[in-house]
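# Predicted model follows, preceded by the sequence.
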There are 2 protein chains.
Amino acid sequence: MGAAANRAVTLRDVARLAGVSVATASKALNGQPQVRAETRARVVKAAEQLSFSPNTLAQGLITQRSGTVGLLTSDLEGRFSIPILMGAEDAFGSDQTSVFLCDARGDAIREKHHLRALLSRRVDGLIVVGARPDQRPSLGRDLPVPVIYAYSPSDDPADLSLVTDNIGGGRLAVDHLIRCGRRRIAHITGDPGYGAAQDRARGALDRLSEEGLSLAGGEVWFGMWSEAWGRGATRMLLDRCPDVDAIFAGSDEIARGVLDVLHEERIDVPSKVAVIGFDNWNVLAANARPPLTTVDLNLEQLGRIAAQRLSAAMDGTLTSGVETLPVRLVTRESTTPLR
Amino acid sequence: MGAAANRAVTLRDVARLAGVSVATASKALNGQPQVRAETRARVVKAAEQLSFSPNTLAQGLITQRSGTVGLLTSDLEGRFSIPILMGAEDAFGSDQTSVFLCDARGDAIREKHHLRALLSRRVDGLIVVGARPDQRPSLGRDLPVPVIYAYSPSDDPADLSLVTDNIGGGRLAVDHLIRCGRRRIAHITGDPGYGAAQDRARGALDRLSEEGLSLAGGEVWFGMWSEAWGRGATRMLLDRCPDVDAIFAGSDEIARGVLDVLHEERIDVPSKVAVIGFDNWNVLAANARPPLTTVDLNLEQLGRIAAQRLSAAMDGTLTSGVETLPVRLVTRESTTPLR
DNA sequence: AGGACTGCCGAAAAGGTTTTCAGAAACGTA
DNA sequence: TACGTTTCTGAAAACCTTTTCGGCAGTCCT
């Protein structure tokens, strides 16, 4: 017991039990029309009796479709891949396709290796989930299966990439602050080497200038994606610009640092200064004091759409270019109208 | 371009190009001995020229081994599954087995569905990753493949389960605090409905009583796994027991709340009160003020071992029972010797 | 009654690989 | 030269399913 019990119940067994040929059994189970209702019932019953489940390998061999896709991620540990993965898995799960998970750990060699393995397994398609929202090298044009790039766009415009709208996100954040009646808005964000940092800042600046405003503190405070930087930058900001009435943080981590210092300085949030984060990283945003208004990247949705686009591509409808998906504001208590 | 380029290069093609039969080609590529070196070289060259990769489906069909395993997780979004998943994926990745990822989202129906699909795909084994460190229902004894339960043990002792040593973790935490010279140690933890909360508390109490100590505050402060509870409990604790010199928090989230209140009350950590967390959730622990000493669950290791045990089981060496894996102390700055 | 349909079923091929076994070729020995 | 060995190669079966196509009854029409 334990293992190796009822292995090897095959269509032949079902056919034998039902007293028909394998051909008829197959047709009966697959809903093919050329089989009498009574016969079909007999086969179905036999299949249930033996708890038959068709060998997908054999099916794949003949239909030339494995019913599998590869999910090639670069950093599983990073929190961005996970929701995308979940969305994709979910979208396929309802389908009859299964998902191969491969983590390349940011290593190009390992990625090649996994790619080979996946192709050898005859996956019907690939989703490549990047680690950062910046361009990554394409897997190449001459692959035998369609590929979708999620989060990190491919550097080849002939590929189809799905990314989050960071510019829109920055705009959305500032727009919300403006609607809350804030006018002296600062922006503290992370590593300027990240396209996401640049884009969010650009969106913020765009929206500000539409309103005839400029940044409190004079410029964007680039730094690192950490609480510590959030704290440090806030102290400097308060020094230089004590009348700031809103801070747009480039990530929830940074926002936590911002909140921390404001709390320390007995500056009330949100009545005195409103704070908005980015990422909607639940453990940080929801547990903050006060709970943090933030921008949600809709990553799960992104994963789901990636799966849909891939399905379409597998059915022949292939598109290309970069598709930008909208982000979404999540309001909590760290931002309120000024009075 | 795009898709469907070089599909369908098969062993037959390789054989033809090398001027041999498919049988010899197969043997040549698989390192079978009964083939002349010169012939083998010719075949290998042909295979490379055509960039041949064997159809794993066909291989699996005949060898009765798909070279795949199923990873059945209950909550992908939860942070515990991920490292386990990574560890398992990593351990298999170096092998030639690929991993099917299935997320049941805590739904038994969906789990059944995924299970069927995986068996239909003829996986060679299964790893079931639970959402909480408590017992979960077994998948059953009459499965055709071996199963390993990770994190959540199966309720059937005939299964093999791998769990983290929460008792040992509690003991380890308190031991560390004692070594730091603390004597008035309190324990604030989460939902008492979690076995993990009970176990960690038990380990802590055991170690305390060995030292002839009892808990500061009189008892374990059970509550919720949240920062807010960490804050609330700490306030109550300070009220009742102002001379506490160490707090063992049942999770890093709780520890963050603890630190927050201590900071607010101008009680220095670690000189006045030492704080230790649990989980080593990096974003919380490393960014805390001060960085948090905590207990690491070694989940990635757990995943790796699960993969090894599964490989062994697939090779016939099947074990059963609950295997408890050690946890590990990660010291940062929130705990130091008293003087 | 003979022919054309229709409806249902089964034999067989196909998909790509591994493995067994028989046969061919080369060689050594008597 | 005849025979036994050794070394290599290839034909064919097997894995399990799907799909095509031919066959066999039975039915309807003329």
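Looks like it arrived, so ask away.
# okay, the closest residue to A:Ser226 other than its chain neighbours: pLDDT?
The shortest distance from A:Ser226 to any non-neighbouring residue, by C-beta to C-beta, 6 or more residues apart in numbering or on different chains, is to A:Glu253 (5.9 Å). Backbone N, C-alpha and C define where each C-beta goes, glycine included. pLDDT for A:Glu253: 96.
# Kindly report the residues of chain A close to DNA strand C.
With C-beta under 7 Å from any atom of the strand as the criterion, chain A comes near DNA strand C at residues A:19-24, A:34-36, A:38-39, A:58, A:61-62, A:64.
# buried residues in stretch A:205-219?
A:Leu205, A:Arg207, A:Leu208, A:Leu213, A:Leu215, A:Ala216, A:Gly217 (16 or more other C-beta atoms under 10 Å in any protein chain shown).
# that's a helix at the second one, yeah?
Which is A:Arg207. Yes - under DSSP: H, G, I helix; E, B strand; the rest coil, A:Arg207 falls within a helix.
# list the contacts for it?
Residues in contact with A:Arg207, defined by C-beta atoms under 8 Å, 6 or more residues apart in numbering or on different chains, are A:Gly170, A:Arg171, A:Val174, A:Asp175, A:Ile178.
# The residues you listed in helices, which ones?
A:Gly170, A:Arg171, A:Val174, A:Asp175, A:Ile178 (DSSP state H).
# do you know how far the second one is from A:Ala233?
Between A:Arg171 and A:Ala233 the distance, using C-beta to C-beta, to the nearest Å, works out to 21 Å.
# So for the two, which sits in the more crowded spot?
Between A:Arg171 and A:Ala233, counted using other C-beta atoms under 10 Å in any protein chain shown, the more crowded position is A:Ala233 (25 against 22).
# now that one: how far from A:Gly257?
For A:Ala233, the distance to A:Gly257 - C-beta to C-beta - is 8 Å.
# Could you do A:Ala216 as well?
Counting by C-beta to C-beta, the gap from A:Ala216 to A:Gly257 is 17 Å.
# A:Arg122 now?
With C-beta to C-beta as the criterion, A:Arg122 and A:Gly257 are 48 Å apart.
# Neighbour count for those two, which is higher?
Using other C-beta under 10 Å, the more surrounded residue of A:Arg122 and A:Gly257 is A:Gly257, with 26 against 22.
# Quick check: closest non-adjacent residue to that one.
In space, A:Gly257 is closest to A:Gly230, 2.3 Å off (C-beta to C-beta, 6+ apart).
# residues in contact with that neighbour?
Contacts of A:Gly230 by C-beta under 8 Å, 6+ apart are A:Ile188, A:Ala249, A:Glu253, A:Ile254, A:Ala255, A:Arg256, A:Gly257, A:Val258, A:Asp260, A:Val261.
# Report the buried residues of the helix or strand harbouring it.
Assigned by DSSP states H and E, A:Gly230 belongs to helix A:227-240. Neighbour-count burial for helix A:227-240 flags A:Glu227, A:Ala228, A:Trp229, A:Gly230, A:Arg231, A:Gly232, A:Ala233, A:Thr234, A:Leu237, A:Leu238 (criterion: 16+ other C-beta under 10 Å).
# I'd like the next helix or strand past it.
Sequence order places strand A:246-249 as the next helix or strand after helix A:227-240, per DSSP H and E.
# Pairing partners for that next one, with directions?
strand A:185-188 (parallel), strand A:274-276 (parallel) (DSSP bridges).
# how about those strands in TSV, adding distance to B:Leu284, mean neighbour count and mean pLDDT?
Output for these, formatted as TSV (distance: least, C-beta to C-beta, whole Å; neighbours: other C-beta atoms under 10 Å in any protein chain shown; pLDDT from 0 to 100):
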stretch	distance to B:Leu284	mean neighbour count	mean pLDDT
strand A:185-188	20	27	98
strand A:274-276	19	28	98
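# Tell me which of those approaches DNA strand D most closely.
Between DNA strand D and these, the shortest gap by C-beta to the nearest atom of the strand is with strand A:274-276, which sits at 53.5 Å.
# how far does that closest one sit from the chain's center?
25 Å (C-alpha atoms, centre = their mean, to the nearest Å).
# helices or strands up against the helix or strand that it is followed by?
Using DSSP H and E, the helix or strand that follows strand A:274-276 towards the C-terminus is helix A:282-285. Contact analysis of helix A:282-285 by 3 or more C-beta pairs under 8 Å, 6 or more residues apart in numbering or on different chains; DSSP states H and E lists helix A:252-264, helix B:282-285 as its packing neighbours.
# Chain A against DNA strand D: which residues are in contact?
A:8, A:10-12, A:22-23, A:26-27, A:29-30, A:32, A:34, A:52, A:54-55, A:58-59, A:61-63.
# just curious, which of the contacts of A:Arg207 is nearest to B:Leu160?
A:Gly170 (50.4 Å; C-beta to C-beta).
# my read: the closest one touches A:Asp199, true?
Yes - assessed by C-beta atoms under 8 Å, A:Gly170 is found in contact with A:Asp199 at 6.7 Å.
# Mind checking which of those two has more residues around it?
Using other C-beta under 10 Å as the criterion, A:Gly170 and A:Asp199 rank with A:Gly170 on top: 31 against 21.
# and the gap between the more buried one and DNA strand D?
For A:Gly170, the distance to DNA strand D (C-beta to the nearest atom of the strand, to the nearest Å) stands at 50 Å.
# Report how many residues lie close to the nearest residue to that residue once chain neighbours are set aside.
Leaving aside its chain neighbours, A:Gly170 sits nearest to A:Gly203 (2.7 Å; criterion: C-beta to C-beta, 6+ apart). Per other C-beta under 10 Å, the neighbour tally for A:Gly203 reads 23.
# For the host helix or strand of A:Gly203, give the mean pLDDT please.
Assigned by DSSP H and E, A:Gly203 belongs to helix A:195-210. Across helix A:195-210, pLDDT averages out at 97.
# who touches the closest residue to A:Pro54 other than its chain neighbours in this structure?
Closest residue in space to A:Pro54, ignoring its immediate chain neighbours: B:Ser120 at 6.3 Å, by C-beta to C-beta, 6+ apart. B:Ser120 is in contact with A:Ser53, A:Pro54, A:Asn55, A:Thr56, counting by C-beta under 8 Å, 6+ apart.
# again, but for A:Thr97
A:Gly67, A:Thr68, A:Val69, A:Asp124, A:Ser311.
# Quick one, which of these are buried?
When those are checked for burial by 16+ other C-beta under 10 Å, the buried set is A:Gly67, A:Thr68, A:Val69, A:Asp124, A:Ser311.
# so which of the residues you listed comes closest to A:Ala108?
For the buried ones among the contacts of A:Thr97, the nearest to A:Ala108 is A:Val69 (21.3 Å; C-beta to C-beta).
# Give me the phi and psi for that closest one.
Note on A:Val69: its backbone torsions stand at phi -130, psi 160 [degrees, to the nearest 10].
# Quickly list what it is bridged to.
Bridge pairing for A:Val69 - DSSP bridges - gives A:Val99, A:Gly125.
# swap in A:Leu325?
Under DSSP bridges, the beta-bridge partners of A:Leu325 are A:Thr164.
# so how many other residues sit close to it?
So A:Leu325, with other C-beta under 10 Å, has 17 neighbours.
# show me the residues around it that make contact.
A:Leu325 touches A:Leu162, A:Val163, A:Thr164, A:Asp165, A:Asn298, A:Gln301, A:Leu302, A:Ile305, counting by C-beta under 8 Å, 6+ apart.
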